[in-house]
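Asker: got a predicted structure here, sequence first:
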There are 2 protein chains.
Amino acid sequence: MTTINDIAKMAEVSRTTVSRALNNSGYVSEDVRKRIMKIVEETGYMPSQSAKSLRTKRSGVVGVILPRLSTETSSRVVRGINDFLAKQGYQILLTDTELDSDKEIDYIRLLKSRHVDGIILLATNVNDRLLKAIHDADIPFLSIGQELPGITSLVYDDYHAASDLTNMLIHKGHEKIGFIGVTKEDPAVGQLRSKAYKDTMEKRGLPVKDHWIGEGDFSIESGYEQMKRILKNSLSDVPTAVFAVTDRMAIGAIEYLKEQGYRIPEDMAVVGIGASAMSKYLTPSLTTVDYFNEEVGKKAGSLLLDKINNKKVEKKFELTYRLILRDSV
Amino acid sequence: MTTINDIAKMAEVSRTTVSRALNNSGYVSEDVRKRIMKIVEETGYMPSQSAKSLRTKRSGVVGVILPRLSTETSSRVVRGINDFLAKQGYQILLTDTELDSDKEIDYIRLLKSRHVDGIILLATNVNDRLLKAIHDADIPFLSIGQELPGITSLVYDDYHAASDLTNMLIHKGHEKIGFIGVTKEDPAVGQLRSKAYKDTMEKRGLPVKDHWIGEGDFSIESGYEQMKRILKNSLSDVPTAVFAVTDRMAIGAIEYLKEQGYRIPEDMAVVGIGASAMSKYLTPSLTTVDYFNEEVGKKAGSLLLDKINNKKVEKKFELTYRLILRDSV
DNA sequence: TTAAATTGTGTAATCGATTACACATCACTC
DNA sequence: GAGTGATGTGTAATCGATTACACAATTTAA
């Protein structure tokens, strides 16, 4: 590896001058600058980031903690983050908790030890240990998808999105509406969306029966299983519509319904949330909610950069969403 | 930030000893070790990776260069890589070329300057400048999906997969088979799959008409457009089956065919490659080829680690695939 | 009993950059 | 022509770890 010292020797100057030329700091005569740059070009020299960041405490890397790589939501958000940050010369250090919430904490500490300039967390569960870890890290931090007290959060408007969907179903004449949710440990997806569904049903004077409700785990298979359970348990009191809190679970539900000979939407309307790429190409195409994941990622990147540069940043950002009405309703 | 010096002071030993205790190198008495570990626990100290990697030339980070984040193939491969490497204490530094092949070269150098221990590249185009950049980097390197001369490559058996698909269609009685490919600059997807299709047709004594052939750009939309073109240009000589080299383009093609009132597979059979998650849930479900992307990622992680640890590694690995016969044929 | 080997710890150099400080030169200003 | 500010360059400290080398104490071997 060529180092700054090699360049300095070749250019017959001190490494200080080389550093200045490279970083446009301090004065360097045009002559010397050219001489240095020429050698840099020729040798393909790149400064060691380890040395640089050891000295400057900046790495040009931001850490991203995901619950699960290779879900569409995650990868779209990451893409947005990267879109923005790559242009600013930042790279992303990726970590995947595989839905293990202890790992979130481990990774915060690990990323910190790697001198990342900031961290973006796509949280699932929220608990005190996590919050403490974030505060202890004392580093520009951003949460996407969950509101973390005291921490800048980009949150989807889960409540209103779910409420809009429910209202839309009611408006279409549905009175018995099933619901496939997820664990309450996930405040955003598990609690808010479920609460919105129940509140809305109540507000419109409609009953919510226990046997209309299932709890999946985000997977397509769990959507399938929960739909099966709901049909089994409902017997003579079968819903005419079902609201799955994610597209994937909606897809699973549709799969089971089709197997059982249900026509969609005639016999059963189905809606999801997420606007996954495939939702458009299903038969029938799926009614869902678009959360603009890429945009959110970009915004997150931009806000994190502001924080890194000590700009004032608000604590909470409520994101927009868009209902996409398609043929499954 | 607490440093090794702080820990040393608190434990009343030299930082050498702290380092030894943390890395299990050299001798440390049980007494002292416990004392140090206790303090490390309490303070939550983590060694600075910048300092560490400056000194040791190892970072515990591997660079991954993707053509496009948020395609399913990419994210599944990355997931596999991460699956394996995270367990070994490595993190992934992610870069996305956005299909700009110059960036591949830039990123190789950038990753090198970040002291990554190795690089995995999901290449699209292959050219001499890229090969030179890889050799200059002189760092454990792995290519997935394209065979790069002189560089360890994990390659899909694109030729036989495509040939199998074509044969399967012929076997089902199709004689006029359309083809939606991509640019020849992509040796694997653009050349091999196309060559296999043509070779197979020829071998079976079937004609290949120019107007049956389209060239898309991997996107769903391009599949749609190319299908439209093929139908327009074929007029009285319309194929009875179409082979799209990716699932996404197959989905686009199906979309257009449905709009035009074609029944699938009765009026037109469609196949893709990739076994995307959604392929199973389309109506009709899509016949495709599974490349086991996660497994490939894992294997890549494992091989790269071998290279990092100076183990001998073969130059070329041919990967397996699996035909998934579904209802679109 | 003494030499050799093992165990335990510290001193100081080192990795490759940045940067505070010092110093020299040069051009202006009054 | 002395003082002042701008320009250009170098010396050396520094960031936080690892590690070669030295040395002392203790154990083992002969």
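Answerer: Arrived safely. Numbering: from 1, shown residues only, chains lettered A, B, ... in the order given.

Asker: for the rest of this, base every contact and every neighbour count on C-alpha atoms.
Answerer: Noted.

Asker: what's the host helix or strand of residue A:299 packed up against?
Answerer: Under the criterion of DSSP states H and E, residue A:299 resides in helix A:293-308. Packing partners of helix A:293-308 (3 or more Cα pairs under 8 Å, 6 or more residues apart in numbering or on different chains; DSSP states H and E): helix A:72-87, strand A:118-122, strand A:141-144.

Asker: what's the average pLDDT for that helix?
Answerer: The average pLDDT within helix A:293-308 is 96.

Asker: and after it, which helix or strand comes next?
Answerer: Downstream of helix A:293-308, the next assigned helix or strand under DSSP H and E is strand A:316-318.

Asker: quick one on the thing from earlier: now the helices and strands packed on helix A:293-308 as CSV including mean neighbour count and distance to DNA strand C?
Answerer: Output for the helices and strands packed on helix A:293-308, formatted as CSV (neighbours: other Cα atoms under 10 Å in any protein chain shown; distance: least, Cα to the nearest atom of the strand, whole Å):
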stretch, mean neighbour count, distance to DNA strand C
helix A:72-87, 22, 19
strand A:118-122, 24, 18
strand A:141-144, 23, 23
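
Asker: rank these by mean pLDDT and give me the bottom one.
Answerer: Among those, helix A:72-87 scores lowest, with a mean of 93.

Asker: for that helix, name the packing helices and strands.
Answerer: Judged by 3+ Cα pairs under 8 Å, 6+ apart, the packing partners of helix A:72-87 are strand A:91-96, helix A:293-308.

Asker: what ranges do the helices span in the stretch 51-200 of chain A?
Answerer: Counting by DSSP state H, counting those that start in this stretch, one finds helices in the stretch 51-200 of chain A at the ranges A:72-87, A:101-113, A:128-137, A:158-171, A:193-203.

Asker: deepest in the core, which of those helices is it.
Answerer: Ranked by mean neighbour count, the helices of the stretch 51-200 of chain A are led by helix A:72-87 with a mean of 22 (mean count of other Cα atoms under 10 Å in any protein chain shown).

Asker: what's next to it, contact-wise?
Answerer: Residues from elsewhere that reach helix A:72-87 (Cα atoms under 8 Å, 6 or more residues apart in numbering or on different chains): A:64, A:66-69, A:91-92, A:122, A:274, A:276, A:293-302, B:69-70, B:72, B:75, B:95-96.

Asker: just the CA trace of stretch A:298-307, in PDB.
Answerer: Extracted in PDB, the C-alpha atoms of stretch A:298-307 (Å, rounded to 0.1, in the frame of the first residue of the first chain):
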ATOM      1  CA  LYS A 298     -33.900   9.500   1.500                       C
ATOM      2  CA  LYS A 299     -35.400  11.700   4.100                       C
ATOM      3  CA  ALA A 300     -33.800   9.700   6.800                       C
ATOM      4  CA  GLY A 301     -30.500  10.000   5.100                       C
ATOM      5  CA  SER A 302     -30.900  13.700   4.800                       C
ATOM      6  CA  LEU A 303     -32.000  14.200   8.400                       C
ATOM      7  CA  LEU A 304     -29.200  12.100   9.700                       C
ATOM      8  CA  LEU A 305     -26.700  14.100   7.800                       C
ATOM      9  CA  ASP A 306     -28.200  17.300   9.300                       C
ATOM     10  CA  LYS A 307     -27.700  15.800  12.700                       C
END
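
Asker: give me the contact list for it.
Answerer: Residues outside stretch A:298-307 that contact it (Cα under 8 Å, 6+ apart): A:77, A:80-85, A:118-120, A:140-142, A:144, A:154, A:312-313.

Asker: and it, what's buried?
Answerer: A:298, A:299, A:300, A:301, A:302, A:303, A:304, A:305, A:307 (16 or more other Cα atoms under 10 Å in any protein chain shown).

Asker: and stretch A:209-227, by the same measure?
Answerer: Across stretch A:209-227, burial judged by 16+ other Cα under 10 Å covers A:211-227.

Asker: so which residues on the stretch 101-250 of chain A come close to chain B?
Answerer: Within the stretch 101-250 of chain A, the positions adjacent to chain B are A:109, A:110, A:113, A:114, A:115 by Cα under 8 Å from any Cα of the partner chain.

Asker: okay, residue A:315 and residue A:152: tell me how far apart.
Answerer: Distance, residue A:315 to residue A:152, using Cα to Cα, to the nearest Å: 4 Å.

Asker: tell me how chain A divides into domains.
Answerer: A:4-47, A:59-156+A:293-319, A:158-290 (automatic domain parsing).

Asker: turn these into a markdown table, columns for distance to residue B:158.
Answerer: Listed next are the domains of chain A as a markdown table, based on distance: least, Cα to Cα, whole Å:
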| stretch | distance to residue B:158 |
| --- | --- |
| domain A:4-47 | 36 |
| domain A:59-156+A:293-319 | 23 |
| domain A:158-290 | 25 |
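
Asker: make TSV from those and add distance to DNA strand D to it.
Answerer: Output for the domains of chain A, formatted as TSV (distance: least, Cα to the nearest atom of the strand, whole Å):
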stretch	distance to DNA strand D
domain A:4-47	4
domain A:59-156+A:293-319	8
domain A:158-290	35
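
Asker: looking at the ones you listed, which is closest to residue B:181?
Answerer: Checking the domains of chain A against residue B:181 by Cα to Cα gives domain A:158-290 as the closest, at 20.8 Å.

Asker: start to end distance for the closest one?
Answerer: Here the two ends of domain A:158-290 are set 11 Å apart, with distance taken as Cα to Cα.

Asker: also stretch A:17-37?
Answerer: Start and end residues of stretch A:17-37 are separated by 11 Å (Cα to Cα).

Asker: cool, stretch A:310-321 as well?
Answerer: With Cα to Cα, one end of stretch A:310-321 sits 29 Å from the other.

Asker: buried stuff in that stretch?
Answerer: Those would be A:316, A:317, A:319, A:321, for stretch A:310-321 by 16+ other Cα under 10 Å.

Asker: once you drop chain neighbours, what's closest to residue A:167?
Answerer: Closest residue to residue A:167 apart from its sequence neighbours, by Cα to Cα, 6 or more residues apart in numbering or on different chains: residue A:200 at 6.9 Å.

Asker: distance check, the one you found against chain B.
Answerer: According to Cα to the nearest Cα, to the nearest Å, residue A:200 and chain B sit 31 Å apart.

Asker: contacting residues for that residue?
Answerer: Residues near residue A:200 by Cα under 8 Å, 6+ apart: A:163, A:166, A:167.

Asker: just send these back as a markdown table, with pLDDT too.
Answerer: Formatted as a markdown table, the contacts of residue A:200 follow (pLDDT from 0 to 100):
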| residue | pLDDT |
| --- | --- |
| A:163 | 97 |
| A:166 | 97 |
| A:167 | 97 |
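
Asker: and of those, the nearest to residue A:180?
Answerer: Of the contacts of residue A:200, the one sitting nearest to residue A:180 (Cα to Cα) turns out to be residue A:166, at 12.6 Å.

Asker: might you report the residue contacts of that closest one?
Answerer: A:197, A:200, A:201, A:243.

Asker: what count of nearby residues applies to the last one?
Answerer: So the one you mean is residue A:243. Neighbours of residue A:243 under the rule other Cα atoms under 10 Å in any protein chain shown: 27.

Asker: ok, it to residue B:140 distance?
Answerer: 49 Å.

Asker: and for the third one?
Answerer: Between residue A:201 and residue B:140 the computed distance is 59 Å (Cα to Cα).

Asker: before we move on, what about the first one?
Answerer: Counting by Cα to Cα, the separation of residue A:197 from residue B:140 is 53 Å.

Asker: near DNA strand C, which residues of chain A? Just list them.
Answerer: Residues of chain A found near DNA strand C (Cα under 7 Å from any atom of the strand) are A:1-5, A:15-20, A:22-23, A:46-48, A:51-52, A:54-56.
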